[in-house]
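Chemist: here are the coordinates; sequence isn't available:
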């Protein structure tokens, strides 16, 4: 009777682990790209919209005034641009550099969301505009109305934050720019080129096109 040892039995679990890890890396990569790109676009869009409205008393009448997110604070839009650049840079660096860039992306999201939240009830920019229009430094704006765009900017900042957290957690498994480099950063060995056959003219012309000397022996 013939016995089969346990060592000879194939173990499919170890082989299936690698495709599963790659699939998780691709899903996290797609989610981070989507969250980061959409988050930055949302912050930039919301920062250009009206965040607060009001009426200033000028010459016995009421002059309607508005202030955009950029008038109140330019920090969210600036951090959105930084976060978008960090999202692209994640694929240009490796190892410790990728961790640093991912942390920068995360901090950009936190800063964009926090500064947008602080601008929800801010009316200082509107009062400054009222003082400029009326010529009275003490002029203020009445009947102030805040819009929902600051909340939209906060959501965009949270999406940037999510992209940064995904990069910190799964970024080590993501691909990087420069396909001819291995994970350790060393270049892959090039395949040795064989000398052209002198009996085949097409190979000689191909070598000349590549800048090689077809008469040199390898």
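Modeler: On my side now, so go ahead. Owing to the predicted nature of the structure, the values given are computational and were not obtained by experimental measurement.
Chemist: all the strands of this structure, residue numbers only.
Modeler: Along the chain, counting by DSSP state E, strands occupy 50-58, 61-68, 141-146.
Chemist: determine which stretch of the ones you listed is the most buried.
Modeler: strand 50-58 (a mean of 20; mean count of other CB atoms under 10 Å). Every C-beta, even on glycine, is put in place using the N, C-alpha and C of the backbone.
Chemist: so for it, mean pLDDT?
Modeler: Average pLDDT, strand 50-58: 83.
Chemist: could you do stretch 158-165 as well?
Modeler: Per-residue pLDDT over stretch 158-165 has a mean of 96.
Chemist: can you check stretch 74-91 too?
Modeler: Stretch 74-91 comes out at a mean pLDDT of 93.
Chemist: again, but for stretch 103-115
Modeler: 96.
Chemist: quick one: find the helix or strand in this structure with the lowest mean pLDDT.
Modeler: The helix or strand of the chain with the poorest confidence is helix 201-209; it has a mean of 62 (mean pLDDT, DSSP states H and E).
Chemist: and the strands of the chain: which comes nearest residue 160?
Modeler: Residue 160 lies closest to strand 50-58 among those, at 19.1 Å (CB to CB).
Chemist: remind me what that closest one packs against, helices and strands.
Modeler: Applying 3 or more CB pairs under 8 Å, 6 or more residues apart in numbering; DSSP states H and E, we find strand 50-58 packed against strand 61-68, helix 69-72, helix 124-134, strand 141-146, helix 149-170.
Chemist: turn the strands of the chain into TSV, columns for distance to residue 31.
Modeler: Formatted as TSV, those follow (distance: least, CB to CB, whole Å):
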stretch	distance to residue 31
strand 50-58	29
strand 61-68	31
strand 141-146	32
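Chemist: quick one: closest of those to residue 161.
Modeler: Taking these one by one with CB to CB, strand 50-58 is closest: 20.9 Å.
Chemist: neighbouring contacts of the closest one?
Modeler: 62-69, 71-72, 119-120, 122-123, 125-126, 129-130, 133-134, 139-147, 149-150 (CB atoms under 8 Å, 6 or more residues apart in numbering).
Chemist: since that was my last question, I'll sign off now.
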